[in-house]
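Asker: coords please:
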Amino acid sequence: MSIKNTNIFLKFKISAVLLSSIIIIFSCKTKKQISQSKKNAVEADTVTKCKLDIKSAKYLIEKMQKNTFNYDWIYAKAETKMMIDSEETDVNIKIRSKRDSAILITVEAINLFDVAKILITNDSVKMIIYPKKQYYYGDIENISKLLNISVDLDLIQSVFFGNNAEFYKEEERVKLVNDKKDCLYLLTTTKKRKIKRLIKDKEILRTKEPIQIINIHPVTFKIIRNHFIDVKNNHSLIVDYQDFQQMDSLYFPKKVLAKIIANNPLNFNLQYSKIEINKLQTLSFRIPGSYEKKEIK
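Answerer: Coordinates of the predicted model:
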C-alpha cells in the first residue's frame, strides 16, 4: 500500500465515476443521490468505546494490507438508478473481474433490456451502448485524454471493492492521525495539525497540493472513507463504504457511495446484492455487426 500526494485526486476520480462518465458520453446520466453518514460503516463491529492504540503509520498500513479484500476472480451484482431517455430507471450492474487483468461491467435495466457493457483491461477499453446501437474500442489512454485524468485498472477495481490502490512506495510521507471524535484512524498526505483542524471544521485550506485522507475502522482495519481534496481546483471526491459483510474472514462493503463536489457535481451509489469470489467467470464481449462505431473526441 502507498499513497501519492501529487495528482492523487485526478487519478482516483476516474475510478469512482468511470462507469457513469462513459455512459454520460453516450447520453445517459446517473441519478444524484444523498450520501450516508460514515459513522455506520461497519455494523458488524460497532465500537462501544474508543480505543486507538496504533502509534505509527507504517504499522497501520500493514494492518490495512492484511485486511485487504483479496480475490483471484470476483462476481458482484449491484443495484442503482440511472436516467435513461429522461426517465429514472432501476438498473442492475454486474461486475465480473479477474484481479489485475480485466473487469467486465454490464448495465441492465431491470426486466427490460441491456443498457451498456464495458470491458476494461490494463491497456484498453471496449464499450457497447445498446440503446444507441453504438460501440467504442480504444486504448485506455484515450479515455484519460478525454477526461483529462489518468486511468488504470488497479484504481478502478480498488474503488469498486473498497481496497486502496498501489500508487508507489512512499510510506514515510504518510501521516497517522487519531480521530477520537469518530473513533477512526486516519492516514493522510498532509500535516497532522491541518487534518486535526479539518476534523473540527475550522481549517482554511491554503495549500496548493492535493490532500488524501483515508478513514480506517479501528477493529476491522477496513477503509470506510477515501477523501480527496483538490484545493487548487476546488474539487473534492468522497467515497464511502458501508454495510460490511464478512466473507472468508475478511470484510466486503455492500454499499459504495461516491460523491464528487465540483462544477458538475455527481453522486454514484452502488448497493451490492450478491458477491461471489474465486469462481471462474466468463468475460465475453461481442459487438453486433450492425452497430456504429462511436468516435470520442
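Asker: how about low-confidence regions in this structure?
Answerer: Along the chain, the parts satisfying pLDDT under 70 run over 1-48, 82-87, 111-112, 143-151, 165-172, 190-210, 231-233, 264, 296-297.
Asker: at 80 what do you get?
Answerer: 1-49, 81-90, 110-113, 141-152, 155, 165-173, 189-212, 228-237, 260-268, 295-297 (pLDDT under 80).
Asker: where do the helices sit along it?
Answerer: Taking DSSP state H as the test, the helices found in the chain are 8-25, 57-66, 140-147, 153-161, 192-199.
Asker: end to end on stretch 136-152, go ahead and measure it.
Answerer: 18 Å (C-alpha to C-alpha, to the nearest Å).
Asker: cool, and stretch 103-117?
Answerer: Here the two ends of stretch 103-117 are set 11 Å apart, with distance taken as C-alpha to C-alpha.
Asker: and stretch 62-77, by the same measure?
Answerer: Stretch 62-77 end-to-end distance (C-alpha to C-alpha) = 30 Å.
Asker: flag every buried residue along that stretch.
Answerer: For stretch 62-77, the neighbour count (16 or more other C-beta atoms under 10 Å) marks Met64, Asn67, Thr68, Phe69, Tyr71, Trp73, Ile74, Tyr75, Ala76, Lys77 as buried. C-beta: built from backbone N, CA, C; applies to glycine.
Asker: please enumerate the strands of the stretch 101-250 of the chain.
Answerer: Remark: strands assigned in the stretch 101-250 of the chain by DSSP state E, counting those that start in this stretch are 102-109, 113-121, 124-129, 134-139, 175-179, 184-188, 211-216, 223-230, 235-247, 250-261.
Asker: tell me what the second one is packed against?
Answerer: Helices and strands touching strand 113-121, as assessed by 3 or more C-beta pairs under 8 Å, 6 or more residues apart in numbering; DSSP states H and E, comprise helix 8-25, strand 102-109, strand 124-129, helix 153-161.
Asker: what angle sits between the last one and strand 113-121?
Answerer: To tie it back to what came earlier, the one meant is helix 153-161. 140 degrees (axes from the mean of the first three to the mean of the last three C-alpha atoms, to 10 degrees).
Asker: could the strands of the stretch 101-250 of the chain go into CSV alongside mean neighbour count and distance to Gln271?
Answerer: As requested, these are arranged in CSV below (neighbours: other C-beta atoms under 10 Å; distance: least, C-beta to C-beta, whole Å):
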stretch, mean neighbour count, distance to Gln271
strand 102-109, 20, 14
strand 113-121, 19, 17
strand 124-129, 21, 23
strand 134-139, 16, 28
strand 175-179, 19, 27
strand 184-188, 23, 23
strand 211-216, 22, 20
strand 223-230, 23, 16
strand 235-247, 20, 8
strand 250-261, 21, 6
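Asker: now render these as TSV, adding distance to Leu155.
Answerer: Listed next are these as TSV, based on distance: least, C-beta to C-beta, whole Å:
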stretch	distance to Leu155
strand 102-109	11
strand 113-121	10
strand 124-129	13
strand 134-139	16
strand 175-179	22
strand 184-188	17
strand 211-216	13
strand 223-230	11
strand 235-247	11
strand 250-261	13
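Asker: how about stretch 285-297, which residues are buried there?
Answerer: Neighbour-count burial for stretch 285-297 [16+ other C-beta under 10 Å]: Phe285, Lys294.
Asker: also stretch 261-281?
Answerer: The neighbour-count check on stretch 261-281 (16+ other C-beta under 10 Å) flags Leu266, Asn267, Phe268, Asn269, Leu270, Gln271, Tyr272, Ile275, Ile277, Gln281 as buried.
Asker: confirm for me that the third one is in contact with Lys255.
Answerer: No: taking C-beta atoms under 8 Å as the definition, Phe268 is not a contact partner of Lys255, at 11.9 Å.
Asker: picking up where we left off before, in strands, which of the buried residues of stretch 261-281 fall?
Answerer: Leu266, Asn267, Phe268, Asn269, Leu270, Gln271, Tyr272, Ile275, Ile277 (DSSP state E).
Asker: isn't the second one right up against Asp240?
Answerer: No: checked against C-beta under 8 Å, the pair Asn267 and Asp240 is beyond contact range at 10.7 Å.
Asker: with respect to His227, which of the buried residues of stretch 62-77 is nearest?
Answerer: Closest to His227 out of the buried residues of stretch 62-77 is Met64 (15.5 Å), distances taken as C-beta to C-beta.
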